[in-house]
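Visitor: Below are the sequence and a predicted model for it; my questions follow.
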Amino acid sequence: MTHSFVVHVPGAALEPEPLAPEQIVSGTPEVTGKVVWESEDGRQVRGVWQITPGVVTDTEADELFVVLSGSATIEVEGGPTLTVGPGDMAVLREGDRTTWTVHETLRKVYSINL
């Protein structure tokens, strides 16, 4: 990053990020996103991410995110079930195996450490 910047997240144009077919448990969820900043070494990523309703699985990175709109229930294998909605901040640990049940199209901003 060479300059400070601002992103209007609700109106940010996002690009398709297709899910692997084996990640989809039910429904026809679609994922879009946009990386807005990445460190020179690629180990830190900041961005905007959105998913439409459905149920998907994932293996998480070390992530902090804030939900801007929508809602979901995130079941962490061997851990808690998280219910997230607008204004909620959540932390996922690297390696967490999760099942996301997206109730309403969810848009979040995230910070990932790889």
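Guide: Sure thing, it's come through.

Visitor: For the rest of this, base every contact and every neighbour count on C-alpha atoms.
Guide: OK.

Visitor: Now do the residue nearest the centre of the chain against P80, distance only.
Guide: Most central in the chain under CA atoms, centre = their mean is W49, positioned 5.1 Å from the mean C-alpha point. For W49, the distance to P80 equals 22 Å [CA to CA, to the nearest Å].

Visitor: what's the answer for T101, then?
Guide: 14 Å.

Visitor: Compare those two (neighbour count), which wins?
Guide: Neighbour count, other CA atoms under 10 Å: between T101 and P80, T101 has more, with 22 against 9.

Visitor: Wait, the more buried one touches G70, no?
Guide: No. Using CA atoms under 8 Å, T101 is not in contact with G70, being 11.5 Å away.

Visitor: where are the low-confidence patches of the protein?
Guide: Along the chain, the model assigns pLDDT under 70 to residues 1-2.

Visitor: Tell me which residues touch the residue nearest to the centre of the chain, please.
Guide: 14, 31-34, 107-110 (CA atoms under 8 Å, 6 or more residues apart in numbering).

Visitor: How about the helix or strand encompassing it, which residues are buried there?
Guide: Taking DSSP states H and E as the criterion, W49 maps to strand 44-51. Buried residues in strand 44-51, counted by 16 or more other CA atoms under 10 Å: 45-51.

Visitor: what would these look like in JSON lines with distance to L64?
Guide: Shown next, in JSON lines, are the buried residues of strand 44-51 (distance: CA to CA, whole Å):
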{"residue": "V45", "distance to L64": "11"}
{"residue": "R46", "distance to L64": "10"}
{"residue": "G47", "distance to L64": "11"}
{"residue": "V48", "distance to L64": "12"}
{"residue": "W49", "distance to L64": "12"}
{"residue": "Q50", "distance to L64": "15"}
{"residue": "I51", "distance to L64": "17"}
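
Visitor: nearest to V25, of these?
Guide: Closest approach to V25 among the buried residues of strand 44-51 (CA to CA): I51, at 13.9 Å.

Visitor: That closest one: what's it in contact with?
Guide: 29-32, 102, 105-107.
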